[in-house]
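Asker: Only the shape, not the letters, is given here:
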């Protein structure tokens, strides 16, 4: 129980500082992510499933896929324990949530997106910690 709570807190701390691609705010300030959007389950010895459910600011948000990508990249880089990662749009909060959920949970599509220099630069700007 304590380990799961610690993992939960760590995952929440990592995503709260991600910046919105269009606004100067963090995803936490815009309530795209909250502490309640993170779930951690133990799936093996010292391995955890981290589930993130984020809420775009509007149902037709064109940046929802990019936000999901930022969440995935930052967590992959910063989580200090073995994990599997699932990222979803909160149910009923986006017009194309099913398509976006598939995209941001597909390893090949994520890798291809990060090979695009323009996209990679935007992701880096969003996930880099402010000084």
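Answerer: That came in fine, so what should we check first? A quick note: this is a predicted structure, and the numbers were derived from the prediction, not measured.
Asker: In the chain, where is pLDDT below threshold?
Answerer: Counting by pLDDT under 70, the ranges of the chain that qualify are 130-131.
Asker: mind listing the helices in it by residue range?
Answerer: Along the chain, the segments classed as helices by DSSP state H run 2-16, 64-78, 97-104, 107-115, 117-127.
Asker: any chance of those in a markdown table, plus distance to residue 52?
Answerer: Yep, even glycine has a C-beta here, placed from its N, CA and C like the rest. Listed next are the helices of the chain as a markdown table, based on distance: least, Cβ to Cβ, whole Å:
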| stretch | distance to residue 52 |
| --- | --- |
| helix 2-16 | 7 |
| helix 64-78 | 6 |
| helix 97-104 | 10 |
| helix 107-115 | 14 |
| helix 117-127 | 14 |
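Asker: which stretch among these comes nearest residue 88?
Answerer: helix 97-104 (5.0 Å; Cβ to Cβ).
Asker: centre of the chain versus the closest one, how much separation?
Answerer: Chain-centre distance of helix 97-104: 13 Å, with Cα atoms, centre = their mean, to the nearest Å.
Asker: cool, stretch 73-86 as well?
Answerer: The answer for stretch 73-86 is 10 Å, by Cα atoms, centre = their mean.
Asker: List the contacts of it.
Answerer: 7, 10-11, 14-15, 18, 43, 46-52, 72, 105, 114, 123, 127 (Cβ atoms under 8 Å, 6 or more residues apart in numbering).
Asker: Let me know which of the helices of the chain is tucked in deepest.
Answerer: Burial of the helices of the chain is given as mean neighbour count (mean count of other Cβ atoms under 10 Å); helix 64-78 ranks first at a mean of 21.
Asker: Quick check: the most far-flung residue of the chain relative to its centre vs residue 120, distance?
Answerer: In the chain, residue 45 marks the outermost C-alpha relative to the chain mean, sitting 23.9 Å out by Cα atoms, centre = their mean. Separation of residue 45 from residue 120 (Cβ to Cβ, to the nearest Å): 34 Å.
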